[in-house]
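> kindly generate the corresponding structure for this input.
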Amino acid sequence: MKLGRTRIVGLVLAVSLVAHAFGQLQGRVEEHSFFGPVLGNTVYFNIYLPEGYDAGTLRYPVIYFLHGLDGSQGGPSNIVVPQAFENARAAGVIGPVIIVFPNGYLNSLWADSYDGAKPAETDVVAQLIPHVDSHFRTLTSPTFRVMTGFSMGGFGAPKFYAKFPELFTAAVAFDGSLADWETLLRVRPDWAAELFNNDEAYFDQYSPYFWGATNAAELSPRVDLRLVVGANPPANRQYRDFLATYSVSVAYVETGCPHDMNCLLAAQGMNTAAFIAARLGARSNLCPADLNRDGVVDLTDLTTLLANFGRNDAPQPAEGNIDGNAAINLLDLAHLLSDFGQTCP
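Coordinates of the predicted model:
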């Protein structure tokens, strides 16, 4: 259930300045909240819907973006992140995407705090993802879901990816604050106490280190984590090298940027979009005619294909481009009809 009226985000002056610098969005950002069915709390999030969302029936990949320390679901990221993907879309690097901005309770490290006051992980995994998939036209298969984040969110993104590899096809950390337990005790002992009750075992349940090691066998065949590094090379190199000891490879790049999302996107936004685009749907190719990735080839998929029939510029498989050649024609229709009624993995 949605609480309150959906409205266009009222951006503060700082965001307006960023928007001026990066240009006007073609899509739009909305504010939303809903009653969390698992915890009974109010869950806040903002969402970017791409240009053309209202005009059709297509479903879209979803990128989650986790904010940094003292942030929220709003702020400058609501402009600069969608703008980077719109630029990449205009360049033909990636198709249209939905971007979701969760609320991380200012300083949760995207964990569930020990006292239960900041259930950031449960909000995202158990409440927000199902809500977004049921209220917006998303491609609900995990192979079309990506986790990203900056700074504190760059701690959370690898953690979500490593802890829940079945939920995300890829993850990107922008200058992630990738602390292990020893580093957290040294640098932020207040967080160790407030969030984790000074309990290393509890911290481990939300640590990208712990889950990278625990799920290494599942993660090692994949190269689906990208670290885009600015002012924090030591922590990111340490995490990269830690994963390497478990035969988990990452895509790693140092930019020379300060700890600033604008600079990181200017330096690596296009390459990051290409990294994500190459992984969207990569593990769904056993059933390409399931256009909306709901697990069955049915009338919904046929309707989508017919609505786009005759197009020659459809890079997204979700539009009906089953054979991958950007043209939606009789070959795609024949493929879908031959698979009609098939249950998909």
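
> mind listing the helices for the chain?
13-22, 77-90, 120-122, 129-135, 152-163, 181-187, 189-196, 200-204, 208-214, 216-219, 233-244, 261-277, 299-307, 330-339 (DSSP state H).

> buried residues, the last one. List them.
The reference is to helix 330-339. Neighbour counts using 16 or more other Cβ atoms under 10 Å place Asp332, Leu333, His335, Leu336, Asp339 of helix 330-339 among the buried residues. (C-beta placed from N, C-alpha, C; glycine too.)

> tilt between it and helix 299-307?
Between the direction of helix 330-339 and that of helix 299-307, the angle (axes from the mean of the first three to the mean of the last three Cα atoms, to 10 degrees) works out to 170 degrees.

> and what of the longest one?
If you take the same axes, to 10 degrees, helix 261-277 sits at 100 degrees to helix 299-307.

> could you report the neighbour count for Asp290?
Counted by other Cβ atoms under 10 Å, the residues lying close to Asp290 total 26.

> residues contacting Ser220?
Taking Cβ atoms under 8 Å, 6 or more residues apart in numbering, we find Ser220 in contact with Tyr246, Ser247, Val248, Ser249.

> redo that, cut-off 7 Å
Shown in contact with Ser220 (Cβ atoms under 7 Å, 6 or more residues apart in numbering): Tyr246, Ser247, Val248.

> re the thing from before, okay, the helices of the chain, which one's buried deepest?
Using mean count of other Cβ atoms under 10 Å, the stretch among the helices of the chain with the largest mean neighbour count is helix 152-163, at a mean of 28.

> may I have that helix as PDB, with CA atoms only?
Coordinates of the C-alpha atoms in helix 152-163 are reproduced here as PDB (Å, rounded to 0.1, in the frame of the first residue of the first chain):
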ATOM      1  CA  MET A 152      28.700   3.800   2.300                       C
ATOM      2  CA  GLY A 153      26.600   2.600  -0.500                       C
ATOM      3  CA  GLY A 154      29.800   1.200  -2.100                       C
ATOM      4  CA  PHE A 155      30.100  -0.900   1.100                       C
ATOM      5  CA  GLY A 156      26.500  -2.000   0.800                       C
ATOM      6  CA  ALA A 157      26.500  -2.800  -3.000                       C
ATOM      7  CA  PRO A 158      29.200  -5.600  -2.800                       C
ATOM      8  CA  LYS A 159      27.600  -6.900   0.300                       C
ATOM      9  CA  PHE A 160      24.200  -7.300  -1.300                       C
ATOM     10  CA  TYR A 161      25.700  -8.900  -4.400                       C
ATOM     11  CA  ALA A 162      27.900 -11.300  -2.400                       C
ATOM     12  CA  LYS A 163      25.200 -12.200   0.200                       C
END
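
> gap between that helix and the chain center?
10 Å (Cα atoms, centre = their mean, to the nearest Å).

> show the contacting residues for the residue lying closest to Leu69 once chain neighbours are set aside.
Once its chain neighbours are removed from consideration, Leu69 has its nearest residue in Met152; the separation is 4.6 Å (Cβ to Cβ, 6 or more residues apart in numbering). Applying Cβ under 7 Å, 6+ apart, one finds that Met152 lies in contact with Gly68, Leu69, Gly104, Leu109, Trp110, Ser177.

> now do the last one against Arg59, distance only.
Relative to Arg59, Ser177 is positioned 33 Å away (Cβ to Cβ, to the nearest Å).

> again with the second one
Remark: distance between Leu69 and Arg59 (Cβ to Cβ) = 34 Å.

> repeat that for the fifth one.
In this view, Trp110 and Arg59 are 26 Å apart by Cβ to Cβ.

> same thing with Gly71?
Noted for Gly71: a distance of 29 Å to Arg59, by Cβ to Cβ.

> of these two, give the one with the bigger neighbour count.
Comparing Gly71 with Arg59 by other Cβ under 10 Å, the one with more neighbours is Arg59, at 24 against 21.

> quick revisit: state the pLDDT value of the residue nearest to Leu69.
The model reports Met152 with a pLDDT of 98.

> what's the domain layout of the chain?
Using automatic domain parsing, the domains assigned to the chain come out as 7-277, 287-345.
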